[in-house]
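>>> need a 3D model of the following:
(one chain, ligands or ions: 1)
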Amino acid sequence: MENTSALQLVRETDDFVASLIAQMDLAEKIGQMCQIDVAGEALSEELKARLSAGEVGSIINQVDVELVNEIQRVAVEESRLGIPLLIGRDVIHGFKTVLPIPIGQAASWNRDLVEAGARISALEAARAGVNWTFAPMLDIARDPRWGRVAESFGEDPFLASVLGAAMVSGFQGQSLRDNGSIAACAKHFAGYGAAESGRDYATTNIPENELRNVYLQPFHAAVTAGAATVMTSFGDLNGIPCTANGFLLRQILREEWGFSGFVVSDWDSVFHLKIHGLTADDAGSALEAAQAGVDMEMASTTYKQYLAQLVEQGKLSESVIDQAVARILRLKLALGLFENPYTEPEALPAYGNTQALDVARQTARESIVMLKNAETLLPLSANTLRSIAVVGPLADAPYEQLGTWIFDGDSALSVTPLEAIRRRVGPEVEVNFFQAMATSRDRNTDAFEAVAEAAGQSDVVLMFLGEESILSGEAHCRADINLPGAQAELVRKLKAAGKPIIAVILAGRPLTLTNVIDEIDALLFAWHPGTMGGEAISDLLFGDFSPSGKLPVSFPRHVGQVPVYYNHKNSGKPPSDDAIVHIDDIDANATQTSLGMTAFHLDEGFRPLFPFGFGLSYADFAYAKLSCDKQQVRLGETLRISAEVSNQGSCKAIETVQLYIRDLVGNVTRPVRELKGFRRIELEPGQTETVTFDLHTDDLAFFGRDQQRVIEAGEFRVWIGGSSEAELETGFSLID
Ligand code: BGC
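From the prediction side, this is the model:
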């Protein structure tokens, strides 16, 4: 019954779209393939004329709902065919209510929460008339210098796939037609995160095998989850910019994955093809992009200017255009825009409503990763403290805690750490605030002596350090990823004042903390936590909840180690902890081969400062009894892998239990570890739970030497634990 009606719907959609296309002239078709930037401007006569001429398929950057409705009205009532518009906006991690930046959300390892956050964002954005967001960003990010690591789910394809699919579901809801659902866009297809030296827009060179096994995985998951659209990357991938890359857009996306949504370029990225040096002129760029499978051009106007002429000259088949238009119209139909293109804001929840703020607070809380807690300094007890010094440039910066890509974020809703701490401890505890630095980049140390002196009088020193939001995000890359400005010096000054230092770092990327980590006694890494960041930080500092975040990216010891990621290959000369020599310990006249001849840096070894998956808790989790239900598994079978996890601490806490495997031999070499599952469990003190993962042999598939998916017989190692360095190990074999 259900199938019949689904089929009927497809048929009706196809009929509707086909009959509409049959009525369209070439210019109207091309109009659907153009997205124009209206940059928040009022409805000009020029825009009106373009809308009524049917020259526009979508607009970007208008969130005044009355104007959006008026723009829709002109498109629907004054154009010949009355086709409604897609209203696009970058709703990346919230709309008015801002959630943690995506890398922070990834640190929660909580798919349900990521979905709930996207739903909140969709509901708020839809209230402004937005029906299409450019998220999730699914670029695997192994380079913390890259500013857009902030927008990513980190370095691991499995985690990014799970969370990317969750975000798609949150935006799109049960049905795109539902009030409050908006279309998602999986971006930037593909390989964008591998920009050379972490410099945004720089060249990417990724071998096909790595592309398939790593970079494409989250996109495939998003497509499988029903992502309505895909955006091309700005990058030049192996010599062919992604916006003209038929291998990606036609072969992989459409032929191999059967993607039926549409592809949008990135901002001006069709126009960029000429600048890349791929085409000689804009007409050539329009041709390359359209032929490669870009259905809609964002911002630049090469489609508007040249597609008709390319068709007339016989260089481009009109069927390419018809297919693109059909895909775009199908989404408009799926969103219910032909029935009702207008937005009734009052029919949607208010901005910053309690539910939105609760989700933002929980997500921020679960995104924070505790990286150090010497002498169990944390949590603080508000009852025994008399005074707290709150120090640093990010303690009371309502805008900065929101992070990158917050066009619509309302910093008036922000609760800063200073505010939340004051509220939490009440009037009995003296809270003394010293900003000490004008910004995180400030190099002026004049105030430090006095701040150290004054702060040293308090019972405890809480430092709020990191990066302002402008230091990460698109085109905001850094070559040096230490704490900027004189922050490290501020840490040292305060430490010298004799009080334990609790640092909370707000940042858009992993930072190198080697130069301060020994001075800091306890450290919470809070990313840019969003609107409710202050409350979330206070929830953890005072022990109302235990930290539960786990790193979705490795933190390098030194920027020179980059890229450093847990799921690397073994190499023929892997290093080991006991066989590496530090540069300071090299004997004079040491012979060339005396240092071990393995893959490490003489000055920094080979390990990151903090590994992927790592994060401390106020509880103490112990792992035991790792076992597989069989030693041998046959193709098509499922293996049950379990371990006992106990909370040996004294408070209730959440642990993210992680399952890793290693495929020991492959026809292409396999990573030293691969995340294959994770589960968040909450345990009371003294409680033990057996956590079980079902691993199907399909989960062991990879792309082999001929770029085909393969599952190979052989030996596998298995680990379950609380980070990618989990030690509890067993194994199984896969037999034919
Ligand atoms: C970014 C995209 C974004 C688009 C629209 C581009 O510069 O790369 O991620 O969606 O602008 O604002």
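>>> residue contacts, whichever residue of the stretch 51-200 of the chain sits closest to the ligand?
Across the stretch 51-200 of the chain, the shortest distance to the ligand (CB to the nearest ligand atom) belongs to residue 134, at 3.3 Å. Backbone N, C-alpha and C define where each C-beta goes, glycine included. By CB atoms under 8 Å, 6 or more residues apart in numbering, the contact list for residue 134 reads 88-92, 185, 187, 231.
>>> same check on residue 267?
298-300.
>>> any idea which of those residues is the one closest to the ligand?
Looking across these and measuring by CB to the nearest ligand atom, the closest to the ligand is residue 298, at 6.5 Å.
>>> you'd agree the closest one is up against residue 60?
Yes: here residue 298 reaches residue 60: they are 6.8 Å apart, a contact under CB atoms under 8 Å.
>>> related to what we said a few turns ago, per-residue pLDDT, the residue of the stretch 51-200 of the chain closest to the ligand?
Reported pLDDT at residue 134 in the predicted model: 98.
>>> do the same with residue 523
pLDDT at residue 523 comes out at 98.
>>> CA atoms only for the helix or strand hosting it, dumped as CSV, please.
Per DSSP states H and E: residue 523 is located in strand 522-525. The C-alpha coordinates for strand 522-525 follow below in CSV (Å, rounded to 0.1, in the frame of the first residue of the first chain):
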residue,chain,number,x,y,z
ALA,A,522,43.0,21.7,34.7
LEU,A,523,41.8,22.3,31.2
LEU,A,524,38.4,22.4,29.5
PHE,A,525,38.5,22.8,25.8
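>>> contacting residues for the closest residue to the ligand within the stretch 451-600 of the chain?
Closest to the ligand within the stretch 451-600 of the chain is residue 474: 5.5 Å, counting by CB to the nearest ligand atom. With contact set as CB under 8 Å, 6+ apart, residue 474 has these partners: 147-148, 200, 404-405.
>>> just the buried subset of these, please.
Listed as buried from the contacts of residue 474 are 147-148, 200, 404-405; burial here means 16 or more other CB atoms under 10 Å.
>>> partner strands of the strand holding residue 523 and their direction?
strand 369-373 (antiparallel), strand 501-506 (parallel) (DSSP bridges).
>>> can these go into JSON lines with extra columns for mean neighbour count, distance to residue 708 and mean pLDDT?
Converted to JSON lines, those look like this (neighbours: other CB atoms under 10 Å; distance: least, CB to CB, whole Å; pLDDT from 0 to 100):
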{"stretch": "strand 369-373", "mean neighbour count": "21", "distance to residue 708": "38", "mean pLDDT": "98"}
{"stretch": "strand 501-506", "mean neighbour count": "26", "distance to residue 708": "44", "mean pLDDT": "98"}
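>>> closest to residue 478 out of those strands?
strand 501-506 (14.7 Å; CB to CB).
>>> show me what the closest one is in contact with.
Contacts for strand 501-506 (CB under 8 Å, 6+ apart): 377-378, 380, 394, 400-401, 417, 460-467, 483, 491, 494-495, 511, 513, 516, 519-529, 533, 537, 541.
>>> re the thing from before, let's have the contacts of residue 474 in CSV, adding distance to the ligand and pLDDT.
As requested, those are exported to CSV (distance: CB to the nearest ligand atom, whole Å; pLDDT from 0 to 100):
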residue, distance to the ligand, pLDDT
147, 11, 98
148, 8, 98
200, 9, 98
404, 11, 98
405, 8, 97
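>>> format these as a markdown table; extra columns: distance to residue 441 and secondary structure.
Listed next are the contacts of residue 474 as a markdown table, based on distance: CB to CB, whole Å; DSSP: H, G, I helix; E, B strand; the rest coil:
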| residue | distance to residue 441 | secondary structure |
| --- | --- | --- |
| 147 | 15 | helix |
| 148 | 20 | helix |
| 200 | 19 | coil |
| 404 | 16 | coil |
| 405 | 20 | coil |
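>>> identify the farthest-apart pair in those residues.
Maximum distance among the contacts of residue 474 (CB to CB): 13.4 Å, for 200 and 405.
>>> show me which residues of this protein are close to the ligand?
Applying CB under 6 Å from any ligand atom, we find that the chain lies next to the ligand at 90, 134, 187, 266-267, 474.
>>> same thing but at 5 Å, please
By CB under 5 Å from any ligand atom, the part of the chain that sits against the ligand consists of 90, 134, 266-267.
>>> let me see the contact set for residue 638.
Contacts of residue 638 by CB under 8 Å, 6+ apart are 694-697.
>>> any idea how far it is from residue 401?
44 Å (CB to CB, to the nearest Å).
>>> okay, now the domains of the chain?
359-541, 567-607, 621-735 (automatic domain parsing).
>>> the contacts of residue 267 in strands, which ones?
residue 298 (DSSP state E).
>>> redo the contacts of residue 267 as JSON lines? Include pLDDT.
JSON lines is the format used below for those (pLDDT from 0 to 100):
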{"residue": "298", "pLDDT": "98"}
{"residue": "299", "pLDDT": "98"}
{"residue": "300", "pLDDT": "98"}
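>>> can you lay out the contacts of residue 267 as a markdown table showing neighbour count?
Below are the contacts of residue 267 laid out as a markdown table (neighbours: other CB atoms under 10 Å):
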| residue | neighbour count |
| --- | --- |
| 298 | 24 |
| 299 | 17 |
| 300 | 25 |
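>>> and stretch 224-240, end to end?
26 Å (CA to CA, to the nearest Å).
>>> thinking again about what came up before, could you pull out the residues contacting both of residue 298 and residue 60?
By CB under 8 Å, 6+ apart, the residues touching both residue 298 and residue 60 are 35, 88.
>>> give me the longest helix you can find in the protein.
helix 2-23 (DSSP state H).
>>> who are the packing partners of that one?
With contacts taken as 3 or more CB pairs under 8 Å, 6 or more residues apart in numbering; DSSP states H and E, helix 2-23 sits against helix 318-334.
>>> circling back to that earlier point, just the domains of the chain: most buried one?
domain 359-541 (a mean of 21; mean count of other CB atoms under 10 Å).
>>> tell me the gap between it and the middle of its chain.
Computed by CA atoms, centre = their mean, to the nearest Å, the separation of domain 359-541 from the middle of its chain amounts to 22 Å.
>>> again with stretch 350-367
Per CA atoms, centre = their mean, the centroid offset for stretch 350-367 relative to its chain is 18 Å.
>>> same check on stretch 689-702?
So, by CA atoms, centre = their mean, the centroid of stretch 689-702 is 24 Å from its chain's centroid.
>>> i'd like the first residue to be 12 from this point on
Sounds good: first residue 12 from here, last item stretch 700-713.
>>> next up, phi/psi of the spatially closest residue to residue 192 that is not a sequence neighbour, please.
Nearest residue to residue 192, sequence neighbours excluded (CB to CB, 6 or more residues apart in numbering): residue 184, at 3.8 Å. The phi/psi pair for residue 184 (degrees, to the nearest 10) reads phi 60, psi -160.
>>> now swap in the one 3 residues further on and tell me
With angles defined as degrees, to the nearest 10, residue 187 sits at phi -60, psi -20.
>>> what is the burial count for it?
22 (other CB atoms under 10 Å).
>>> pLDDT score assigned to it?
98.
>>> surely it and residue 194 touch.
Yes: between residue 187 and residue 194 there is a contact at 6.2 Å, judged by CB under 8 Å.
>>> so who does residue 665 touch?
377, 557, 559, 628, 691-693.
>>> which of these sits closest to the ligand?
residue 377 (25.2 Å).
>>> phi and psi next, for the closest residue in space to that closest one that isn't next to it in sequence.
Distances taken as CB to CB, 6+ apart place residue 119 nearest to residue 377, at 3.7 Å, with adjacent residues excluded. Here the main-chain torsion angles of residue 119 (degrees, to the nearest 10) amount to phi -80, psi -20.
>>> extract the CA atoms of stretch 607-620 and return them as CSV.
Extracted as CSV, the C-alpha positions of stretch 607-620 are listed here (Å, rounded to 0.1, in the frame of the first residue of the first chain):
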residue,chain,number,x,y,z
GLY,A,607,66.3,3.9,15.1
MET,A,608,65.4,4.8,11.5
THR,A,609,61.6,5.0,12.0
ALA,A,610,58.9,7.5,11.1
PHE,A,611,59.1,10.1,13.8
HIS,A,612,60.3,13.7,14.3
LEU,A,613,63.5,14.1,16.3
ASP,A,614,62.0,17.0,18.2
GLU,A,615,58.4,15.9,18.6
GLY,A,616,58.3,12.2,18.4
PHE,A,617,55.2,10.8,16.6
ARG,A,618,52.3,11.1,19.0
PRO,A,619,49.9,14.0,19.2
LEU,A,620,49.6,15.8,22.5
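>>> much appreciated, bye for now.
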